[in-house]
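# Fold the following.
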Amino acid sequence: MKFGPVPLAAAQGAVLAHSVMAGGRKLPKGRILSCEDLSVLRAEGVAQVTVARLDPGDVGEDAAAAQLAAALVPDPAAAGLTVTAPHTGRVNFHATGPGVVEINAERIHRLNRIDPSITLATLAPFTRVTKGMLAGTVKIIAYAVAGAALARACDVAHGAMRLRPVVLKAAGLILTDAPGQAGKLNDKGQAAVAARLRALGLRLAEVREVPHDRDALAGALGQVGGDMVLILTGAATSDLHDDAPEAVRQAGGKVARFGMPVDPGNLLFHGQLGARPVIGLPGCARSPALNGADWVLERLACGIAVTDDDIAGMGVGGLLKEILIRPQPREGRGAPDA
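Modelled structure (predicted):
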């Protein structure tokens, strides 16, 4: 593509690079200049305009954006995304329902290295989305790009983004009463958990409240309904062999991991009870604020297995927010602002 100022005599059929007011109307940038447009410009005393002229093999911005979008999401319905019509070199992708966005980051990094004018921006991998939320955007920055570069980008991008929809329907919640526990603590926890589930389109199937006792908790695990079981204890889980993880084992389940490098959320554990995932929620789940349990809950609700490596990899970006009411905050009350 050639770009720069040209005399009006050489501008017909070129792409106008900057908007111009002429004849009482605006000729917008990106317009293909016609003979009539040039006559209006001459009448206004304009001698030259800045234009882009495509070389053989170049693809215009809208056509290029549409081709890249089609490669990235070849089957929008199957990918759980809607794809907008191209406009000024841009195509947007929106979620068709609740879920998390699954991204092949390595492919998208490769795509964005091909040509600076061929770009794709997405949400971070496994970001939770709701219906209509913007998940990604293609933008062709120049008025045209080389067809060969576009072909490479389309090949690299193929199928690199999709929505993983929520597949579970309901979750059961078990709350425990610890000695000396504040009276409304479980009410607060139940309300926060219910709100999290609603955001995912899940319902709270059943709530069971039992003493903070290993046997009582194991019994509740065998009886509570739901496709997933959530445990929120009155006393924090402090070890892989503390009461709540041991109750899961006693009920016939398995504990995959205790602890995660996300703060708030360090004291999470998760496992399996038959076909149902089990999450031992950290105490911060009583707050509506984002915490590490959200990342695990959202993936499991979408039918995505959460491995030990997955959780270990959450540490980068896992420092979420200071909680000023914690007994020992990360920073002292008098910590400098800088």
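
# domains for the chain, by residue range?
Under the assignment automatic domain parsing, the domains of the chain span 2-53, 58-165, 170-312.

# What's the mean pLDDT across the last one?
Per-residue pLDDT over domain 170-312 has a mean of 96.

# For that domain, what is the distance to the chain centroid?
Between the centre of domain 170-312 and the centre of its chain there are 23 Å (CA atoms, centre = their mean, to the nearest Å).

# okay but Lys26 is in contact with Asp37, surely?
No. In this structure, Lys26 is not within contact of Asp37 by CB atoms under 8 Å, at 11.4 Å. The way it works is simple: take the backbone N, C-alpha and C, and place the C-beta from them, glycine included.

# of these two, who's got more company?
Shown here are Lys26 and Asp37; by other CB atoms under 10 Å, Asp37 has more neighbours (20 against 11).

# Show the pLDDT at that one.
Asp37 is assigned 93 on the pLDDT scale.

# Report the contact partners of it.
For Asp37, the contacting residues are Leu16, Ala22, Leu27, Arg31, by CB atoms under 8 Å, 6 or more residues apart in numbering.

# cool, and Gly132?
For Gly132, the contact set (CB under 8 Å, 6+ apart) comprises His94, Ala95.

# quick check, it in a strand?
No. Applying DSSP: H, G, I helix; E, B strand; the rest coil, one finds Gly132 to be coil, outside a strand.

# could you pull out the helices for this structure?
35-43, 61-72, 76-79, 105-112, 147-157, 185-199, 214-221, 243-250, 292-301, 308-312 (DSSP state H).

# Looking at those, which is nearest to Thr127?
Among the helices of the chain, the nearest to Thr127 by CB to CB is helix 292-301 (8.8 Å).

# For that closest one, which outside residues touch it?
For helix 292-301, contacts defined as CB under 8 Å, 6+ apart pick out 100, 126, 128, 166-168, 171, 196, 200, 202, 228, 230, 260, 262-266, 268, 270, 277, 279, 281-282, 284-285, 305-306, 310-311, 314, 318, 320.

# Buried members of these into PyMOL, please.
Typed into PyMOL, the line below selects the buried ones among these, using 16 or more other CB atoms under 10 Å:
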select buried, resi 100+126+128+166+168+171+196+200+202+228+230+260+262+263+264+265+266+268+270+277+279+281+282+284+285+306+310+311+314+318+320
